[in-house]
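Asks: Starting from these lines, generate the structure:
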Amino acid sequence: MTSAKLLFITGVSSGFGRALAEQALQAGHRVVGTLRNEQAKEAFEALSPGRCFGRILDVTDFSAIPPLVDAVEQDIGAVDVLVNNAGYGHEGVMEESPMDDMIKQFNVNVFGAVALIKAFLPYFRARRAGHILNITSMGGFITMPGISYYCGSKFALQGISETLTQELKPFNIAVTAVQPGSFRTDWAGRSMVRAARSISDYDRSFDPIRETRMKRSGHQPGDPVKAASAILQLLDSPAPPTSLLLGSDAVTLVRDKLRRMITEIDTWEAASCSTDG
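Replies: Predicted coordinates:
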């Protein structure tokens, strides 16, 4: 590690956020982490008093974000790394899933992250330094039945991340979309919002998928602590990647999709190019 950094990580109560915060502290960094209540805040700050700072924040309370970021910058110090980790999964056949569920999914997974980026960018630009890590998902590139709202939100954050990489490069600000595969977090367990079943036509195709996803929760191949260690390697890279896949399943599934995409592009190339004037 070349130097200790100050990280601002959303959603440090559990999962990737907690693992990343703990590994960062062990590596000598300081961490500001957002949590949802005072009890969680106290438990978090006890991890490393004086180097670990909890802040209560609901990332969908967009108006609360700029003053909180200003206070962190003034009271704790210049933030080097923003990690947009807060998020959750929604599972449900799209036809059965209420529109309100989609709005809530995007409010947390997309709009909260964007609000935090916008609050930190004036500071990062002024310093001509900074690194934004957006935790997207392999579901920001591949898709699976029953998680259309989730994949949609992660596709959106992935696209925003890749665009920001180009916009912010002149200011020496790096942006990396971190795309985990299946990890042993609460994503498919208590954190998952599941839409109620209502249309029998989907019973045969979807019920086994939901059952399998629930059974696999807690038994996924990915280790969050190892993911945190991999993410921390990005902080000292002179040229961090635009995207970083985590997990052998993510690598395999993304490569499979890329192969299918190339085959489809080749098959339909004549039709695609026939539209030129």
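Asks: can you pull the buried residues of stretch 212-219?
Replies: Judged by neighbour count (16 or more other C-beta atoms under 10 Å), stretch 212-219 contains these buried residues: 213, 217. The way it works is simple: take the backbone N, C-alpha and C, and place the C-beta from them, glycine included.
Asks: Same check on stretch 117-130?
Replies: Result for stretch 117-130 [16+ other C-beta under 10 Å]: buried residues 117, 119-121, 123-124, 130.
Asks: try stretch 164-184
Replies: Buried, per 16+ other C-beta under 10 Å, within stretch 164-184: 164-165, 168, 173-184.
Asks: Show me where the stretch 51-200 of the chain has its helices.
Replies: 65-75, 99-106, 112-127, 148-168 (DSSP state H, counting those that start in this stretch).
Asks: Using TSV, lay out those together with distance to E45 and mean pLDDT.
Replies: Shown next, in TSV, are the helices of the stretch 51-200 of the chain (distance: least, C-beta to C-beta, whole Å; pLDDT from 0 to 100):
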stretch	distance to E45	mean pLDDT
helix 65-75	14	98
helix 99-106	29	97
helix 112-127	20	98
helix 148-168	28	97
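Asks: Which of the ones you listed sits closest to R194?
Replies: Ranking the helices of the stretch 51-200 of the chain by proximity to R194 (C-beta to C-beta) places helix 99-106 first, at 9.7 Å.
Asks: Output that closest one as CSV, nothing but the C-alphas.
Replies: C-alpha atoms of helix 99-106 as CSV (Å, rounded to 0.1, in the frame of the first residue of the first chain):
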residue,chain,number,x,y,z
MET,A,99,-44.3,-0.5,-10.6
ASP,A,100,-43.7,0.8,-7.1
ASP,A,101,-41.2,-2.0,-6.6
MET,A,102,-39.3,-0.8,-9.6
ILE,A,103,-39.2,2.8,-8.5
LYS,A,104,-37.9,1.8,-5.1
GLN,A,105,-35.3,-0.5,-6.7
PHE,A,106,-34.0,2.4,-8.9
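Asks: hmm, back to that, which one of the helices of the stretch 51-200 of the chain lies nearest to R213?
Replies: Per C-beta to C-beta, nearest to R213 of these: helix 148-168, 11.5 Å.
Asks: packing partners for the closest one?
Replies: strand 90-91, helix 99-106, helix 112-127, strand 130-135, strand 173-180, strand 243-246 (3 or more C-beta pairs under 8 Å, 6 or more residues apart in numbering; DSSP states H and E).
Asks: quick one: which of these is nearest A270?
Replies: strand 243-246 (30.8 Å).
Asks: Next secondary structure after that closest one?
Replies: As assigned by DSSP states H and E, the chain's next helix or strand after strand 243-246 is helix 248-267.
Asks: what sits up against that following helix?
Replies: For helix 248-267, contacts defined as C-beta atoms under 8 Å, 6 or more residues apart in numbering pick out 138, 141-142, 179-182, 221-222, 245, 272.
Asks: circling back to that earlier point, any chance of the buried residues of stretch 117-130 in JSON lines with distance to V254 as columns?
Replies: Shown next, in JSON lines, are the buried residues of stretch 117-130 (distance: C-beta to C-beta, whole Å):
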{"residue": "I117", "distance to V254": "24"}
{"residue": "A119", "distance to V254": "31"}
{"residue": "F120", "distance to V254": "29"}
{"residue": "L121", "distance to V254": "29"}
{"residue": "Y123", "distance to V254": "33"}
{"residue": "F124", "distance to V254": "29"}
{"residue": "G130", "distance to V254": "27"}
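Asks: Tell me the one of these nearest R216?
Replies: For those, the nearest to R216 is I117 (32.2 Å; C-beta to C-beta).
Asks: correct me, but D101 touches Y88?
Replies: No - the pair D101 / Y88 is not scored as a contact, 11.0 Å apart, by C-beta atoms under 8 Å.
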